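J.: here's a sequence, model it:
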Amino acid sequence: GDRYILNGTKFWITNGPDADVLVVYAKTDPKAGPKGITAFIVEKGMKGFTTSPKLDKLGMRGSNTCELVFEDCEVPAENVLGQEGKGVYVLMSGLDLERLVLAGGPLGLMQACLDTTLPYVHTRKQFGTRIGEFQLLQAKVADMYTKLSASRAYVYAVGRACDQGHISNKDCAGVILYSAERATECALDAIQCLGGNGYINDYPTGRYLRDAKLYEIGAGTSEIRRMLIGKEEVECYMRTCYFSLDILLSFPIVCCRTRIQQGALKGQPSFG
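T.: Numbers count the residues shown, from 1 in each chain. Take a look at the predicted model:
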């Protein structure tokens, strides 16, 4: 026909309550597995499409999240994104870049941790001394700085490679894996540097921690990212080993043929 009827729910939709246009993935052929998933463009106001109340989240409260509800929602056939049954291709085509773009969030959080911590340890005094002069506090600042610098360098390097058309699954997963976990660590260090003040909501360090944690969960958890990177590394090593073995096995044959050809050119008897 000229339309599809969608039924079901989609959970954890970022900006769901506010979006006017959404990309929705639905099974158009349940028996075909991943090859039976189609991507649709769904617009707010379509008959049968509603959103549930926004979720009360731990962090990232500036970005509303909700559940999408489809009850006999009619979607015109012209709203198919890509081709029917090719929804997984649409999804995966943008997932690597999504992870890379999201990795910028932890960079901002780590910078915010430093921006909050440095003025505090410079002005806060204990035992008549600025706490920023204590070596243990300086060590935490050093850790935050190096984690931010390493993460920023990694994100920029992968971003530059992607701009040049060299998109790496494992590195796009790697930048969000590394920077997200470092951001959580920096937020904890910032709280520790502020002491009791870091634990109250009068200071933003608690929010940094709550926001940072989402980056270890959204767009694939840290566990999924590790699995992807490890699997690709092992497979890459195996391909390299097999390729090297093929070269080694063919090498004696190449040498033999070379000697035969050289012998024939010199008028010497050749064998083989």
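J.: show me how this structure divides into domains.
T.: Segmentation of the chain into domains, based on automatic domain parsing, reads 3-85, 92-220.
J.: now tabulate the ones you listed in JSON lines and tack on mean pLDDT, distance to K231 and mean neighbour count.
T.: For glycine as for every other residue, the C-beta is placed from the backbone atoms N, C-alpha and C. Output for those, formatted as JSON lines (pLDDT from 0 to 100; distance: least, CB to CB, whole Å; neighbours: other CB atoms under 10 Å):
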{"stretch": "domain 3-85", "mean pLDDT": "96", "distance to K231": "17", "mean neighbour count": "15"}
{"stretch": "domain 92-220", "mean pLDDT": "97", "distance to K231": "9", "mean neighbour count": "18"}
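J.: possible to save those domains as TSV with distance to T240?
T.: Shown next, in TSV, are the domains of the chain (distance: least, CB to CB, whole Å):
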stretch	distance to T240
domain 3-85	28
domain 92-220	15
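J.: R226: which of those is closest?
T.: R226 sits nearest to domain 92-220 of all those, at 6.7 Å, using CB to CB.
J.: show me the contacts for the residue nearest the centre of the chain.
T.: For the chain, R99 is the residue whose C-alpha lies nearest the centre (CA atoms, centre = their mean; 2.7 Å). By CB atoms under 8 Å, 6 or more residues apart in numbering, the residues touching R99 are C172, A173, V175, I176, A219, G220, R225.
J.: quick one: it and S222, what's the gap?
T.: R99 is 12 Å from S222, where distance means CB to CB, to the nearest Å.
J.: can you give me the strands for the stretch 101-250 of the chain?
T.: Assigned by DSSP state E, counting those that start in this stretch, the stretch 101-250 of the chain shows strands spanning 125-126, 129-130.
J.: so what strands line up beside the last one?
T.: By that I understand strand 129-130. Sheet pairing of strand 129-130 (DSSP bridges) gives strand 125-126 (antiparallel).
J.: chain center to the strand it pairs with: distance?
T.: Centroid separation between strand 125-126 and its chain, computed with CA atoms, centre = their mean, to the nearest Å, is 41 Å.
J.: how about stretch 51-69?
T.: Here stretch 51-69 is found 21 Å from its chain centre; the criterion is CA atoms, centre = their mean.
J.: contacts for that stretch, please.
T.: Under the criterion CB under 8 Å, 6+ apart, residues 9-18, 22, 24, 49-50, 207, 209-214 lie in contact with stretch 51-69.
J.: one step back: nearest to I229, out of the domains of the chain?
T.: Minimum separation from I229 across the domains of the chain (CB to CB) falls at domain 92-220, 4.5 Å.
J.: what is the end-to-end distance of that closest one?
T.: 12 Å (CA to CA, to the nearest Å).
J.: and what of stretch 25-36?
T.: 10 Å.
J.: ok, and what's touching it?
T.: Looking at what lies outside stretch 25-36 - CB under 8 Å, 6+ apart - the contacts are 4, 6, 8, 37-40, 84-85, 87-88, 90-91.
J.: before we move on, what about stretch 150-157?
T.: Here stretch 150-157 makes contact (CB under 8 Å, 6+ apart) with L100, A103, G104, P106, L107, M110, G174, V175, Y178, S179, R182, A183.
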